[in-house]
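From the sequence below, what's the structure:
(2 chains)
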Amino acid sequence: MEQTQRVSLLEILKVFFFIGATGFGGGMAIVSLIERVCVHEKKWVSMDEFMHGLAFGQILGPFSLNTCTFVGYYLRGSVGGILAASAFIAPSFILVCLLSWLYFRFHELPQLQSALNGTNPIIIALIIVAALGMGRSKVKGNEAWLMALAAFAASAFFNTSALTILVAAAVWSLGWSWYRREHR
Amino acid sequence: MGGLFKLAWLFLKIGVVFFGGGYVLIPLLHRIMVDQLRWLTLKEFLDGVALSQLTPGPLAMLATFTGFKAAGFPGAFAGTVCIFLPCTVLMLAISSHYEKMRNMELIRTILDGLLPAVVGLVAAAAWTLGKTSLVSVRDFLLLAAGLLILQFTKVSPMFVILGAAAIGLIFHFN
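Take a look at the predicted model:
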């Protein structure tokens, strides 16, 4: 994607801090937020690049944080990556410090659960919208559908780890491309 | 100061081994924090897991909680930075080679080929979350409203989330 103008560090800080402050639900909710803001609204990265970053991020553990790092790096190099990651973690860090302090002082968890229960359906809606958008642009043809469904089933019904699924998908796509080349 | 250094080193090591997913972290931290070092009681540990899941950050925010218990605010800060340092450095390394890798045909074939699986994984997250938290008519109404707003309007999703949290607080969802 062509960058007409460099995105300012302040802008990166603001966007990822805001994502980190409101993305309750974590994990894929964060990813869906980043996709919505950075791919669709700001057009900072293309859908392909974003999904590549997500795939790498899932291989390395905390993928919500890793996706922030990836987008930040893409925009402004290492400084941008570290800034995006820090800005994203900062609100959670402040919140956990505050809650830990209350907890070790009063030995009770605050009643935030009902607020979270209200957000859950919205988080799910957010993730579904993101999946639909990604699917419309990236899942074309029977073979792609088969892979998407297999990945969905493996993760949703058999608790297979993302790492295993992505490695299998990589082998699958490599095998297919060789097969097609041989049988043209 | 020595204690803080030990804490930082410990979380750095944990940060290196927890590639592959946040849930490896729970048994690992449990063994180290509760059984070996006795920094936390079992109840504190479980409450810490619940507490870190209240936040938008990854499950590894548990390091912030544990660090806080062990050494107050400096401990929380050192724990957080150190547990995320290894994956962030690795992610930066991958990102810096990304442009070059993408221009190699083999890598591009693999990367583009596995995108449908990524879509499947995203959809599976919605399924897994929905299975446990969509339990009443109210939840499905909120879901439908959320889908309509997020799909067809340009309202910032952050405000939709905050609005839903306010609704949950006001009406005491349980």
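
Tell me where the model's unsure across chain A.
Within chain A, the ranges that satisfy pLDDT under 70 run A:1-4, A:110-111, A:184.

and with 80 instead?
Applying pLDDT under 80 to chain A flags residues A:1-5, A:25-26, A:107-117, A:183-184.

In terms of residue numbering, what are the domains of it?
Following the assignment in automatic domain parsing, chain A carries domains at A:9-138, A:141-184.

and these, which is most packed in?
Of all those, domain A:9-138 has the most neighbours on average by mean count of other C-beta atoms under 10 Å in any protein chain shown, namely a mean of 22. Heads up, the C-betas are built off the backbone N, CA and C, glycines and all.

Nearest the geometric middle of the chain, what residue?
You didn't say which chain, so I picked chain A. Taking C-alpha atoms, centre = their mean, the centroid of chain A lies closest to residue A:31, which sits 2.5 Å from it.

that's the wrong chain, I meant chain B
Most central in chain B (C-alpha atoms, centre = their mean) works out to residue B:58, at 1.6 Å.

confidence score at that residue?
Per-residue confidence (pLDDT) for residue B:58: 87.

OK, contacts around residue 168?
Unless you meant another one, I'm taking chain A. Counting by C-beta atoms under 8 Å, 6 or more residues apart in numbering or on different chains, residue A:168 touches A:154, B:117.

The intended chain is chain B.
A:114, A:115, A:116, A:117, A:118, A:119.

just the helices in chain A please.
Using DSSP state H, the helices of chain A run over A:9-22, A:28-34, A:47-59, A:63-106, A:113-138, A:142-158, A:162-182.

Which strands and helices lie in contact with the longest one?
With contacts defined as 3 or more C-beta pairs under 8 Å, 6 or more residues apart in numbering or on different chains; DSSP states H and E, the packing partners of helix A:63-106 are helix A:9-22, helix A:28-34, helix A:47-59, helix B:42-53, helix B:62-102.

measure the residue nearest to the centre of chain B to chain A for me?
For residue B:58, the distance to chain A equals 4 Å [C-beta to the nearest C-beta, to the nearest Å].

separation between the closest residue to that residue other than its chain neighbours and residue A:164?
The shortest distance from residue B:58 to any residue other than its chain neighbours is 3.7 Å, reached at residue A:62 (C-beta to C-beta, 6 or more residues apart in numbering or on different chains). Distance, residue A:62 to residue A:164, by C-beta to C-beta, to the nearest Å: 17 Å.

hmm, back to that, list the contacts of the residue nearest to the centre of chain A.
Residue A:31 makes contact with A:54, A:63, A:64, A:67, A:130, B:122, according to C-beta under 8 Å, 6+ apart.

These into a markdown table, with extra columns for distance to residue B:74?
As requested, these are exported to a markdown table (distance: C-beta to C-beta, whole Å):
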| residue | distance to residue B:74 |
| --- | --- |
| A:54 | 34 |
| A:63 | 28 |
| A:64 | 25 |
| A:67 | 29 |
| A:130 | 38 |
| B:122 | 38 |
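
if we take those residues, which one ends up nearest to residue B:52?
Nearest to residue B:52 among the contacts of residue A:31, counting by C-beta to C-beta, is residue A:64 at 13.0 Å.

my guess is that closest one contacts residue A:24, does it?
No. Residue A:64 is not in contact with residue A:24 according to C-beta atoms under 8 Å; the separation is 11.8 Å.

where does chain B dip in pLDDT?
The model of chain B has pLDDT under 80 over residues B:1-2, B:17-25, B:172-174.

what's the domain layout of it?
If you go by automatic domain parsing, chain B breaks into B:2-108, B:115-170.

can these go into a markdown table with extra columns for distance to residue A:19?
Shown next, in a markdown table, are the domains of chain B (distance: least, C-beta to C-beta, whole Å):
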| stretch | distance to residue A:19 |
| --- | --- |
| domain B:2-108 | 8 |
| domain B:115-170 | 8 |
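
and which of the contacts of residue A:31 is nearest to residue B:63?
Among the contacts of residue A:31, residue A:64 lies closest to residue B:63 (C-beta to C-beta), at 15.2 Å.

Now that closest one. Nearest residue, chain neighbours left out?
The shortest distance from residue A:64 to any non-neighbouring residue, by C-beta to C-beta, 6+ apart, is to residue A:30 (3.7 Å).

Isn't residue B:169 up against residue A:114?
Yes. Using C-beta under 8 Å, residue B:169 makes contact with residue A:114 at a distance of 5.8 Å.

related to what we said a few turns ago, so which of the domains of chain B gets nearest residue A:42?
domain B:115-170 (12.0 Å).

any idea how far the nearest residue to residue A:145 once chain neighbours are set aside lies from residue B:166?
Nearest non-adjacent residue to residue A:145, counting by C-beta to C-beta, 6+ apart: residue A:139, 5.8 Å away. Noted for residue A:139: a distance of 36 Å to residue B:166, by C-beta to C-beta.

between those two, which one's more packed in?
Applying other C-beta atoms under 10 Å in any protein chain shown to residue A:139 and residue B:166 shows that residue A:139 carries more neighbours, namely 21 against 13.

Relative to residue A:160, how far out is that one?
Taking C-beta to C-beta, one finds residue A:139 at 19 Å from residue A:160.

is it true that residue A:47 touches residue A:134?
Yes. Judged on C-beta under 8 Å, residue A:47 makes contact with residue A:134 at a distance of 6.8 Å.
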